[in-house]
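Peer 1: I'll drop the sequence and a predicted model, then ask my questions.
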Amino acid sequence: MAHEYIPEISTDRDGTEHVVQGWQDDFYGGKLGFWLFMFTEVLMFGAMFLVLTYYKMLHPADFVAASASLNRFLGGTNTVILLVSALTMGLSLLKMRAGDVKGAKLMIWATIILALMFLSIKAVEWTAEYNHGVFLGLDALQSGNPHSKPFGEILFFGMYFTMTGIHGFHIIIGIGLMVWLLKRINAGKVSPEHHILHWNIALYWDIVHLIWVFVFPYFYMIGAASGGTGGH
Amino acid sequence: MIDYKSERVMYYKVLVGLLLLTAVTFGLPYIFEAGADLPAQMFIAVIKAWLILMFYMHLKGEKLISVMGIFSLMIVLVFFIIVLVVDVANFQFKDESHITAPQHTTGVTKHVTVPVKH
């Protein structure tokens, strides 16, 4: 059942009825508002990249050594998973706009499964790092003790866990948004005629992918040329 | 009404482009020395970002949002240059910094004698 917009009527002092302007169908306004929100995301991650670049300029050799110890196979696999998930999310919106609601829902489920795969791989990676003593709060990442890593590596891993952690948190929020979107589609609140929510959640998923496009080479690839272990 | 078939083909074409660029990302370390490939990696990332923005995020033809985005990025770029180039070149707070290795002072321990008050 499609969402039906019922206009609100107000009456002036002379008893004349007027239709109150509704903004539920303001597609461009909804989209522009969401873009403004996404600029705040870019600002947040942009500031973190600024800090990361600053640290790298102060400790270039430590950054290369720390990057070489990350698992590029798992990082690369996650990159491809996010790439494909951006496609499935885009196709879900395309199917919704074309009137294929069932196909759109299937594509959203595919995106959710890919997002869960991304998180699982990230969990495997973090667990391996934790088991090798490399995690926030452990001795290797605290300066001033015999097990400390070089200072630049401490900064690198601090930023690595912070940025990939916040990115992972965005993935979890994205899964929640997609589940909510499925509920709204089932309730008939999102339909081929009223799909701004679907459009904006697809945009959100794209910005999550876009951030990873920069996170991946910055952390995983700068030390790749030195050979490295390819992971903990 | 949207042209479903042509838009779907566009989505797959962009996917192929992104996958190829990801493959280039993995190939760059074989060309550059360790740590020297970051500008090239970021250049590839910018091309990937452009593809995502234009086609997946439908910015192609969106003048207002594109101008807003470019303007914001230019401001961030200027701050990047000012903060990184000027500040790092003149970094002078190593003794009290939390982003450089701690400066350990070794050797003499000072003993201060406090006069006894009567």
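Peer 2: Sure, I can see it.

Peer 1: chain center to the helix or strand where residue A:170 lies: distance?
Peer 2: Here residue A:170, judged by DSSP states H and E, is contained in helix A:151-186. A distance of 6 Å separates the centroid of the chain from that of helix A:151-186, by CA atoms, centre = their mean, to the nearest Å.

Peer 1: name the helices or strands packed onto it?
Peer 2: Helices and strands touching helix A:151-186, by 3 or more CB pairs under 8 Å, 6 or more residues apart in numbering or on different chains; DSSP states H and E, are helix A:27-58, helix A:60-68, helix A:101-131, helix A:196-216. Bear in mind the C-beta positions are built from the backbone N, C-alpha and C, glycine included.

Peer 1: quick check, the shortest one touching chain B?
Peer 2: Yes. Judged by CB under 8 Å from any CB of the partner chain, helix A:60-68 and chain B are in contact via A:60, A:61, A:63, A:64, A:68.

Peer 1: that older thread, need the helices and strands packed on helix A:151-186 in TSV (columns: mean neighbour count and mean pLDDT).
Peer 2: Shown next, in TSV, are the helices and strands packed on helix A:151-186 (neighbours: other CB atoms under 10 Å in any protein chain shown; pLDDT from 0 to 100):
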stretch	mean neighbour count	mean pLDDT
helix A:27-58	16	89
helix A:60-68	21	91
helix A:101-131	17	97
helix A:196-216	22	96
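
Peer 1: what's the longest helix in chain B?
Peer 2: helix B:4-27 (DSSP state H).

Peer 1: what's that helix packed up against?
Peer 2: The contact analysis (3+ CB pairs under 8 Å, 6+ apart) places helix B:4-27 against helix A:72-98, helix B:38-51.

Peer 1: what's the most buried one of these?
Peer 2: Mean neighbours per residue, mean count of other CB atoms under 10 Å in any protein chain shown, is largest over those for helix A:72-98, with a mean of 21.

Peer 1: and residue A:189, its phi and psi?
Peer 2: Main-chain torsions, residue A:189, degrees, to the nearest 10: phi -80, psi -20.

Peer 1: tell me, how many residues neighbour it?
Peer 2: Look at residue A:189: counted by other CB atoms under 10 Å in any protein chain shown, it has 14 neighbours.

Peer 1: send me the longest helix of chain B as CSV with only the CA atoms.
Peer 2: The C-alpha trace of helix B:4-27 is given here as CSV (Å, rounded to 0.1, in the frame of the first residue of the first chain):
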residue,chain,number,x,y,z
TYR,B,4,16.4,1.1,-15.6
LYS,B,5,18.5,-0.8,-18.0
SER,B,6,21.0,2.0,-18.9
GLU,B,7,21.3,3.0,-15.2
ARG,B,8,22.0,-0.6,-14.2
VAL,B,9,24.7,-0.8,-16.9
MET,B,10,26.2,2.4,-15.5
TYR,B,11,26.3,0.9,-12.0
TYR,B,12,28.2,-2.2,-13.2
LYS,B,13,30.6,-0.1,-15.3
VAL,B,14,31.5,2.0,-12.3
LEU,B,15,32.0,-1.2,-10.2
VAL,B,16,34.5,-2.5,-12.8
GLY,B,17,36.3,0.9,-12.8
LEU,B,18,36.5,0.9,-9.0
LEU,B,19,37.8,-2.7,-8.9
LEU,B,20,40.4,-1.9,-11.5
LEU,B,21,41.6,1.1,-9.5
THR,B,22,41.7,-1.1,-6.3
ALA,B,23,44.0,-3.5,-8.3
VAL,B,24,46.2,-0.5,-9.2
THR,B,25,46.3,0.4,-5.4
PHE,B,26,47.8,-3.1,-4.8
GLY,B,27,50.2,-2.7,-7.7
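
Peer 1: can you give me the buried ones in that helix?
Peer 2: Buried positions in helix B:4-27, judged by neighbour count with 16 or more other CB atoms under 10 Å in any protein chain shown: B:7, B:8, B:10, B:11, B:14, B:15, B:18, B:21, B:22, B:24, B:25.
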